[in-house]
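Student: Whatever this is, show me its structure:
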Amino acid sequence: MDNSNITLTTLAKKIVIFSDTHLTKSFDQKKCDFILNIINEADLVIINGDFWDSWFCTFNEFINSRWACLFPKLLEKNTIYIHGNHDPANSCDDNVKLFSTSSCESCNITTPTTTFRVEHGHKLLVGKKPFLLEVHRNFVDGTKLTSIKKIIYKFLHGLEVMGRFLFGYKFLHENIIGKNINKRMKNSFLNIFLICGDSHFPELDIDNNYGNTGAIIYGFASYIVIENGSPKLQKTIYGKKI
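Tutor: Numbering: from 1, shown residues only. Predicted coordinates:
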């Protein structure tokens, strides 16, 4: 099933929501083991966008990579797959059914106590991002996957890796850019708890009905668990709690 939005009422005791894993045809066993572990702890899984990275590989390359070992477990958990800006629907095909029972642009989930809206968040930022970030996104989203685009992506990736090496967890998960992006996503909906990804900045702001799953990249990981209707943010260095 592929809809722009789906609505689900669930009694699942434990919902795990993660995003921004940015998987490619390259494989990382430690990252794979971590993702498998958080999938195993869930009754229902939601992938909140940027599961794989169309800026760096094709969907077919991803599907046929060693990451396919995740697919049976994701299906077992009735995974809902929400498309992000790195893995848009038009870059995928029916093989999304290999790892998800539903694919969509956003999902409303009603638990016995709370209604959550889960979407990647990039569409909420149209016209709201800082100028340079808007120019960057328009370029990468508006051009095909080319050698030049790969070089630019590798350069940006290198900057993030260098920042992580020099500044550690704070660079990726406490950066001012990510915090600013989250601020612009908040209050997009009233009377509903919004959970986004995209910014790579993990946050749980109960007062403003907002959460951000952050990312699982470069050895750092964060995700949101909804247990008995209550959201909790988990931050980890591939298995070590922060």
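Student: so where's the chain shaky on pLDDT?
Tutor: Across the chain, the ranges flagged by pLDDT under 70 are 1-3, 126-147, 149-150, 153, 156-157, 160-161, 163-180, 188, 190, 239-242.
Student: Listing partners with orientation, what would you give for the strand or helix carrying L8?
Tutor: Following DSSP states H and E, one finds L8 within strand 2-9. Here strand 2-9 has these sheet partners by DSSP bridges: strand 102-110 (parallel).
Student: Identify all contacting residues around the strand it pairs with.
Tutor: Contact with strand 102-110 is made by 1-10, 15, 46, 80-83, 89, 92, 96, 115-119, 123, 192, 226, as judged by Cβ atoms under 8 Å, 6 or more residues apart in numbering. Where C-beta positions appear, they are placed from N, C-alpha and C, glycine not excepted.
Student: Can you get me the centre-to-centre distance for that strand and its chain?
Tutor: 13 Å (Cα atoms, centre = their mean, to the nearest Å).
Student: Please tell me how far C32 sits from W67.
Tutor: 7 Å (Cβ to Cβ, to the nearest Å).
Student: neighbour count winner among these two?
Tutor: A direct count of neighbours by other Cβ atoms under 10 Å for C32 and W67 places W67 higher, at 22 against 16.
Student: so that one makes contact with F27?
Tutor: Yes. Using Cβ atoms under 8 Å, W67 is in contact with F27, at 6.4 Å.
Student: how about the helices of this protein, start to end?
Tutor: 29-40, 59-63, 71-76, 131-142, 147-167, 169-173, 176-185 (DSSP state H).
Student: Dump the C-alpha coordinates for the first one into CSV.
Tutor: Right, helix 29-40. The C-alpha coordinates for helix 29-40 follow below in CSV (Å, rounded to 0.1, in the frame of the first residue of the first chain):
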residue,chain,number,x,y,z
GLN,A,29,27.9,-4.6,10.5
LYS,A,30,27.9,-2.7,13.8
LYS,A,31,25.2,-0.4,12.5
CYS,A,32,23.2,-3.3,11.2
ASP,A,33,23.4,-5.1,14.6
PHE,A,34,22.2,-1.9,16.3
ILE,A,35,19.3,-1.4,14.0
LEU,A,36,18.3,-5.1,14.4
ASN,A,37,18.4,-4.7,18.2
ILE,A,38,16.0,-1.8,18.3
ILE,A,39,13.7,-3.5,15.8
ASN,A,40,13.6,-6.6,18.0
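Student: chain center to that helix: distance?
Tutor: On Cα atoms, centre = their mean, the centre of helix 29-40 falls 15 Å from that of its chain.
Student: For that helix, which helices and strands make contact with it?
Tutor: strand 14-18, helix 71-76, strand 216-217 (3 or more Cβ pairs under 8 Å, 6 or more residues apart in numbering; DSSP states H and E).
Student: and that helix, which residues are buried?
Tutor: K31, C32, F34, I35, I38, I39 (16 or more other Cβ atoms under 10 Å).
Student: Fine, thanks again, bye for now.
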